[in-house]
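In: Mind looking at a prediction? Sequence and model below.
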Amino acid sequence: MAPHFLLVLHILFFLAGLSAIQSVSTVRHVSVKQGGSITIPCLYDLRYRNSVKYWCAGSSILGCSSVVRTDHPKTSGKTSFSDDINQLVFTVTMTSLSSSDSDYYWCIVERKNKAGDGNRLQISVTPDTPGLYVDQQEVTGVVGQNVTVQCYYSEAGARGRWCRMGGKCLLNSGTLDGTSVTLHQQTNIVTNGNVLTVTMSALRIVDTGWYRCANGDYQMPVHITVNQLTTKQNTTFMPTAQSVVSSQPSVSNIQTLERTFFYLLKVGNALLFLLCNIIGVVKLRKNRHQDDTKDV
């Protein structure tokens with residue numbers, strides 16, 4: 001009976017772990033350069049929207065040490081915490097990382113009368129080039145236009161992937177939730193590493209959210225914000241139209257030239273009138289002088 005009992009326990013633990021992964025999800029392993037910073041997104045179920053969330057350090061969920069919580073001050077030392085209940089994601093930002101920060105961490109949500117539900121990740125801080133990194137974790141795009149993200153990784157021969165957090169991954173060009181995604185893999189001659197260039201085309205508002213680059217065991221979260229196209233942005237992103245407009249005189253310049261010509265014309269007329277008067281006065285005086293001379 002004992003082996004069967006242990007088998008049942010293993011199955012129960014597996015199902016509990018599967019439930020936790022579906023309820024709270026995050027990246028698996030991030031590599032960060034010493035002195036740098038990292039932002040980790042933790043996605044959770046709608047049923048945890050109003051629950052207490054916290055960030056915990058340690059290899060076990062039962063024995064981990066709470067760092068920051070939503071029901072306490074959301075900043076502790078170099079760790080800050082924010083919870084977006086509309087997007088169902090809380091984010092943790094750690095700055096000025098050192099080797100002592102290399103550890104396992106947990107994204108955890110509290111449950112009433114139950115153990116916390118969470119998911120574990122590993123943060124590795126290295127003085128060398130990280131195993132996988134991006135230029136910036138926050139990228140902004142505009143509706144209808146494109147956005148590009150470059151993911152750098154050092155593992156030779158491996159191929160990078162682009163995934164939507166909580167969704168599917170792409171190993172080749174394709175679509176994510178209806179948005180066209182182009183993937184281009186190449187070798188970086190300078191670093192002798194690899195670069196995955198991700199281009200998302202014809203962006204929509206619904207494309208706003210968390211994504212991740214993935215290569216081997218490493219993952220790097222990237223947040224993309226898609227904004228509405230404004231009039232100013234529309235002018236900025238139309239260089240051809242701008243060049244056509246700028247190559248022709250503007251209306252204000254034409255009006256300025258017209259006013260200047262009009263004023264010059266008036267001044268010229270006034271000077272001509274004054275000159276004619278002066279000449280007339282001089283001639284009149286000359287004639288009077290001649291008449292006086294004749295009388296004498």
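Out: Okay, I see it.
In: ok, Arg28 touching Ser124?
Out: No. Checked against C-beta atoms under 8 Å, the pair Arg28 and Ser124 is beyond contact range at 11.5 Å. The way it works is simple: take the backbone N, C-alpha and C, and place the C-beta from them, glycine included.
In: between these two, which one's more packed in?
Out: Per other C-beta atoms under 10 Å, whichever of Arg28 and Ser124 has more neighbours is Ser124, with 17 against 14.
In: For the more buried one, list the residues it contacts.
Out: 29-32, 102, 131 (C-beta atoms under 8 Å, 6 or more residues apart in numbering).
In: do Ser37 as well
Out: 93-97 are the contacts of Ser37 under C-beta under 8 Å, 6+ apart.
In: ok, back up a step: and the furthest pair within the contacts of Ser124?
Out: Largest separation among these by C-beta to C-beta: Ser102 and Gly131, giving 12.8 Å.
In: Looking only at neighbour counts, state which of these two leads.
Out: Taking neighbours as other C-beta under 10 Å, Ser102 and Gly131 compare with Gly131 leading, 21 against 15.
In: neighbours around the residue nearest to that one when sequence neighbours are not counted, how many?
Out: Nearest residue to Gly131, sequence neighbours excluded (C-beta to C-beta, 6 or more residues apart in numbering): Ser31, at 4.0 Å. For Ser31, the count of nearby residues is 23 (other C-beta under 10 Å).
In: The helix or strand that contains Ser31 pairs with which strands, parallel or anti?
Out: Ser31 belongs to strand 29-33 when assigned by DSSP states H and E. If you go by DSSP bridges, strand 29-33 pairs up with strand 114-126 (parallel).
In: For the partner strand, what is the distance to the chain centroid?
Out: Put simply, strand 114-126 sits 25 Å off its chain's centre (C-alpha atoms, centre = their mean, to the nearest Å).
In: what separates the closest residue in space to Leu62 that isn't next to it in sequence from Leu265, distance-wise?
Out: Leaving aside its sequence neighbours, Leu62 sits nearest to Ala115 (C-beta to C-beta, 6+ apart; 7.5 Å). Ala115 sits 91 Å away from Leu265, going by C-beta to C-beta, to the nearest Å.
In: go on, Leu171?
Out: Distance from Leu171 to Leu265, by C-beta to C-beta: 74 Å.
In: One more: Pro221?
Out: For Pro221, the distance to Leu265 - C-beta to C-beta - is 69 Å.
In: The two: who's more crowded?
Out: Remark: of Pro221 and Leu265, Pro221 carries more neighbours, 20 against 10, as counted by other C-beta under 10 Å.
In: in the sheet, who's paired with that one?
Out: Bridge pairing for Pro221 - DSSP bridges - gives Arg212.
In: Can you give me every residue that contacts the residue nearest to Gly131?
Out: Counting by C-beta under 8 Å, 6+ apart, Ser31 has contacts 124, 126, 130-133, 218.
In: repeat that for 10 Å
Out: 38, 102, 122-126, 128-133, 153-154, 217-220 (C-beta atoms under 10 Å, 6 or more residues apart in numbering).
In: Please indicate which of the residues you listed are buried?
Out: Neighbour counting by 16 or more other C-beta atoms under 10 Å classes 38, 122-125, 130-133, 153-154, 218-220 among the contacts of Ser31 as buried.
In: who does the residue nearest to Gly131 bridge with?
Out: The residues that Ser31 bridges to, once DSSP bridges is applied, are Ser124.
In: Would you check how far apart Arg96 and Ile279 are?
Out: Careful, residue 96 is Ser and not Arg. Distance, Ser96 to Ile279, using C-beta to C-beta: 87 Å.
In: again with Ile123
Out: From Ile123 to Ile279 the distance is 95 Å (C-beta to C-beta).
In: cool, Tyr48 as well?
Out: The value you get for Tyr48 to Ile279, if C-beta to C-beta is used, is 98 Å.
In: The two: which has the busier surroundings?
Out: Between Tyr48 and Ile279, Tyr48 has the larger neighbour count (other C-beta under 10 Å), namely 18 against 10.
In: which one is the more buried one nearest to, not counting chain neighbours?
Out: Val109 (4.3 Å).
In: count of neighbours near the one you found?
Out: When neighbours are defined as other C-beta under 10 Å, Val109 has 23 of them.
In: ditto for the one 10 residues further on
Out: Neighbourhood size, Asn119 [other C-beta under 10 Å]: 23.
In: Report the beta-bridge partner residues of it.
Out: Going by DSSP bridges, Asn119 forms beta bridges with Cys107.
In: Next one: it from Cys56, what distance?
Out: 11 Å.
In: if I look at the two, which residues touch both of them?
Out: 105-108.
In: Let me know the average pLDDT across stretch 152-163.
Out: Taken as a whole, stretch 152-163 has a mean pLDDT of 85.
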